[in-house]
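Q: What shape does this take:
(chains A and B)
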Amino acid sequence: MTVNPMTAQEVTEKILNNDQLFILDVRNEDAFQDWKIEGKGITYLNIPYFDLLDGVEEILDQLPSDQDILVVCAKEGSSIMVADMLSEEGRDVSYLQGGMKAWSEYLQPVKVADLNDGGELYQFVRIGKGCLSYMVISNSEAAIIDATRMTDAYVAFAENKGAKVVHIFDTHLHADHISGGRKLAAQTGATYWLPPKDADEVTFDYAPLEDQEIVKVGDTKITIHALYSPGHTIGSTSFVIDEQYLLSGDILFIDSIGRPDLAGKAEDWVQDLRDTLYTRYKELSDELIVLPAHFMTIDELNDDGTVSERLDTLFKNNHGLNIENEEEFRKMVTENLPPQPNAYQEIREMNMGKINPSDEDQREMEIGPNRCAVR
Amino acid sequence: MNIKTDQTLDAKGLACPMPIVKAKKAIKELASGQVIKIEATDKGSTADMKAWAEKTGNQYLGTTEDHDVLSHYIRKSSDEDTQEKQHPNVVDNESIESLDENAVILDVRESAEYAFGHIPGAISIPLSDLDERMGEIDDTKNIYVVCRTGNRSDMASQKLAARGFDHVYNVVPGMSEWSGETKKSK
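A: Numbering: from 1, shown residues only, chains lettered A, B, ... in the order given. The predicted model follows:
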């Protein structure tokens, strides 16, 4: 029997199609419990590879014969070993190429919309980690918002579209993933914009992004309108693109809201978060389409693979926008919070330019889900 | 931290699953109760070594890191839990939580076990070194002997009693159930 590699892109397509897939995850149990590949059609078996060193006979009858089987581990080595053993027992299986590391790094570009005058808006879905970044293309120019550290993917995508990257924005100082903003600015010569209130400790030059600033992409065709919206961080800024799309950063998600505690200031920022969500956002047009910087569960993906929803729908359905009592709201966003993202303090330092870990260390720092929300 | 071990395995530069595949082979060659040091550079190896050791009944002691090299310490499982204790003077863990200055805690576990967590002030003489290092112990004091589960300390207590130490107490169960303060060696 053969053993085939399956790429992160192929797994993503299966998830978006709601295909059936059986995952034999051979990482240790803690790693599996903490973070795994998720999808509506996926079923799992978690047996650590070190339990299978003497053979796989004992698990053969737990593997279905009528579904694709994918063996998954951290970096692929152990999954290849187990897949080979299963193959020798006559089973047809695949392994995840590059393991969970590749899964964490894969970006799936999905078109959100055509903008005015031939412009386009793309969402880059980092499906393994739940991070969302964006590219606006207009008249041969491109702007990128909340870029991940996998900068080559954006550069290649823009090139393919015949666009030059001219602006790079971060909605805030990220704590859950390493920003690709600075690297991307160096690669492309684009301007790197940051909210100055989040950037007082950064060690590099940037363009300060002030409230009500308007940045144009491609001959004034598309405007990116900055909207100061503190709460997840003190500098958090949202963007309104083309008066139709609200990039809400880590302030508002589809089924949850931002957590205020990752810079250690939960109590101080609760009121900012509430004002942003219950006053500033309330004043915006109901028809805006919200495009957040994260999703928490795979259920938040729309059928076309995008993560987006109308603002009025979120005001109706998102629990975090419907808590009348301020004390109850304060409790929800400051107590019983989910665990903090892996290495979030080092990630903040890296994003400020204070430390420069190797690529390998950066991968390790980003292991696991993003956990930027409360619900 | 200077830790004495019985065997060192070089798994540097190897990616998962090789550090564990090699450790599994190496540990087969060890005698029960011996300690192996496994050097690895794969960052994922720490969580895996710990989970694997626990599954296989071996004792994961701890990991140190020096310039990107991780050193994992594992003690091979032994049947000590089932042995019958013979030294007559036995005390429980609680009775050594507060001791006067006339008392000495003697930790007879392997130096690697001691290094990753011991009772503050306890002196370390592994059971296998006890015969030659007995002179270091003050025989006018009350000596409380600890190990992980009370068996090695039972053997050590018998040795001390046979050599004329009058006030020797075996602490049962010992470090496996110790809830008080512990210290790591620097």
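Q: domain ranges for the chain?
A: As the question left the chain open, I've gone with chain A. For chain A, automatic domain parsing gives the domain ranges A:3-103, A:107-374.
Q: let's do chain B instead
A: Following automatic domain parsing, one gets these domains for chain B: B:7-75, B:80-177.
Q: Which of the domains of chain A comes out lowest on mean pLDDT?
A: Comparing the domains of chain A by mean pLDDT, the weakest confidence falls on domain A:107-374, with a mean of 91.
Q: That domain spans what distance, first to last residue?
A: Domain A:107-374 stretches 24 Å from its first residue to its last (C-alpha to C-alpha, to the nearest Å).
Q: before we move on, what about stretch A:359-375?
A: 33 Å.
Q: Repeat that for stretch B:84-102.
A: Terminal residues of stretch B:84-102 lie 29 Å apart, using C-alpha to C-alpha.
Q: residues from chain B in reach of chain A?
A: B:15-18, B:20-21, B:24, B:43-44, B:47-48, B:51-52, B:55 (C-beta under 8 Å from any C-beta of the partner chain). Yep, even glycine has a C-beta here, placed from its N, CA and C like the rest.
Q: ok, back up a step: please produce TSV containing the domains of chain A, extended by distance to residue B:126 and mean neighbour count.
A: Formatted as TSV, those follow (distance: least, C-beta to C-beta, whole Å; neighbours: other C-beta atoms under 10 Å in any protein chain shown):
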stretch	distance to residue B:126	mean neighbour count
domain A:3-103	29	19
domain A:107-374	35	19
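Q: Which one, of the ones you listed, ends up nearest to chain B?
A: Among the domains of chain A, domain A:3-103 comes nearest to chain B, with 4.1 Å by C-beta to the nearest C-beta.
Q: which helix is the longest one in chain A?
A: Assignment by DSSP state H gives helix A:77-88 as the longest helix of chain A.
Q: show me what contacts residue A:44?
A: A:22-25, A:32, A:36 (C-beta atoms under 8 Å, 6 or more residues apart in numbering or on different chains).
Q: So which of those residues belong to helices?
A: Filtering these for helices - DSSP H - leaves residue A:32.
Q: Pick out whichever of the contacts of residue A:44 sits closest to residue B:117.
A: For those, the closest approach to residue B:117 (C-beta to C-beta) belongs to residue A:32, at 27.9 Å.
Q: Mind listing the residues bridging to the nearest residue to that closest one once chain neighbours are set aside?
A: Leaving out its chain neighbours, the residue that sits closest to residue A:32 by C-beta to C-beta, 6 or more residues apart in numbering or on different chains is residue A:46, at 4.3 Å. Beta-bridge partners of residue A:46, counted by DSSP bridges, are residue A:25.
Q: Surely residue A:46 is in contact with residue A:22?
A: No - applying C-beta atoms under 8 Å, one finds residue A:46 not in contact with residue A:22, separated by 12.0 Å.
Q: just for chain B, where's the confidence low?
A: Across chain B, the ranges flagged by pLDDT under 70 are B:1, B:79-83.
Q: Run through the strands of it in chain order.
A: B:7-11, B:35-40, B:59-66, B:69-75, B:90-92, B:103-107, B:123-124, B:142-146, B:168-172 (DSSP state E).
Q: before we move on, back to that, contacting residues around the residue nearest to residue A:32?
A: A:25-27, A:29, A:32.
Q: repeat that for 7 Å
A: Shown in contact with residue A:46 (C-beta atoms under 7 Å, 6 or more residues apart in numbering or on different chains): A:25, A:29, A:32.
Q: how about those in TSV, adding distance to residue B:69?
A: Listed next are the contacts of residue A:46 as TSV, based on distance: C-beta to C-beta, whole Å:
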residue	distance to residue B:69
A:25	28
A:29	26
A:32	27
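Q: any idea which of these is the one closest to residue A:286?
A: Using C-beta to C-beta, the contacts of residue A:46 come closest to residue A:286 at residue A:32, 41.6 Å.
Q: gap between residue B:155 and chain A?
A: Distance of residue B:155 to chain A, computed by C-beta to the nearest C-beta, to the nearest Å: 32 Å.
Q: What sits closest to the most centrally placed residue in chain A if chain neighbours are left out?
A: Nearest to the mean C-alpha position of chain A, by C-alpha atoms, centre = their mean, lies residue A:131 at 0.3 Å. Closest residue to residue A:131 apart from its sequence neighbours, by C-beta to C-beta, 6+ apart: residue A:177 at 5.3 Å.
Q: Show me where the stretch 51-200 of chain A has its helices.
A: A:77-88, A:99-105, A:151-160, A:181-188 (DSSP state H, counting those that start in this stretch).
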